[in-house]
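**Student:** what's the 3D shape of this:
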Amino acid sequence: MVQSTIEKIEESVQLNSLLTENNKTEILNLLAALKPEITELEKERAEHAESIAGFIERSTHELMRKEKNPTLLKYAVDGMAASVEGFEVTHPKLVENVNYFANVLANMGL
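**Tutor:** Numbers count the residues shown, from 1 in each chain. From the prediction side, this is the model:
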């Protein structure tokens, strides 16, 4: 489930005409870093992994909209960051990558 969500996001990013090539590359690289971390979490806590992937999907969607709504992007990015709270000890790389991804998306959406 998580794998298909990430693949769907990757495809949407690749096909999006509003993002620059640099932004696409950066997002795809971040997704590539997140994919194994979320897949690993899915083995232990499927619902949490799905939640994280869902917030990543919503955040990316809000960033790629033609008519952006900064409030919705902020909510989605904040939700993505909140979705990894409590995993700092057990999955520190996941938390680090998700938080970095959230910051990148927030900055792109400015």
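
**Student:** hey, let's count contacts and neighbours off CA atoms from now on
**Tutor:** OK.

**Student:** From L15, how far off is I56?
**Tutor:** As judged by CA to CA, to the nearest Å, I56 and L15 stand 17 Å apart.

**Student:** The two: which has the busier surroundings?
**Tutor:** I56 (27 against 11; other CA atoms under 10 Å).

**Student:** Helices along this structure, start to end?
**Tutor:** Listed in chain order, the helices of the chain (DSSP state H) span 2-15, 21-44, 46-64, 70-82, 92-108.

**Student:** Check the chain and tell me which residue is nearest its centre.
**Tutor:** Nearest residue to the geometric centre of the chain (CA atoms, centre = their mean): I56, 2.8 Å.

**Student:** wouldn't it be in contact with M80 here?
**Tutor:** Yes - here I56 reaches M80: they are 6.0 Å apart, a contact under CA atoms under 8 Å.

**Student:** on that earlier part again, and the residue nearest to the centre of the chain, what is it in contact with?
**Tutor:** Residues near I56 by CA atoms under 8 Å, 6 or more residues apart in numbering: 76-77, 80.

**Student:** Output these in a markdown table, with neighbour count and distance to E11 appended to each entry.
**Tutor:** Converted to a markdown table, the contacts of I56 look like this (neighbours: other CA atoms under 10 Å; distance: CA to CA, whole Å):
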| residue | neighbour count | distance to E11 |
| --- | --- | --- |
| A76 | 25 | 19 |
| V77 | 27 | 20 |
| M80 | 24 | 20 |
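
**Student:** any idea which of those is closest to K24?
**Tutor:** The closest of the contacts of I56 to K24 turns out to be V77 (CA to CA; 17.4 Å).
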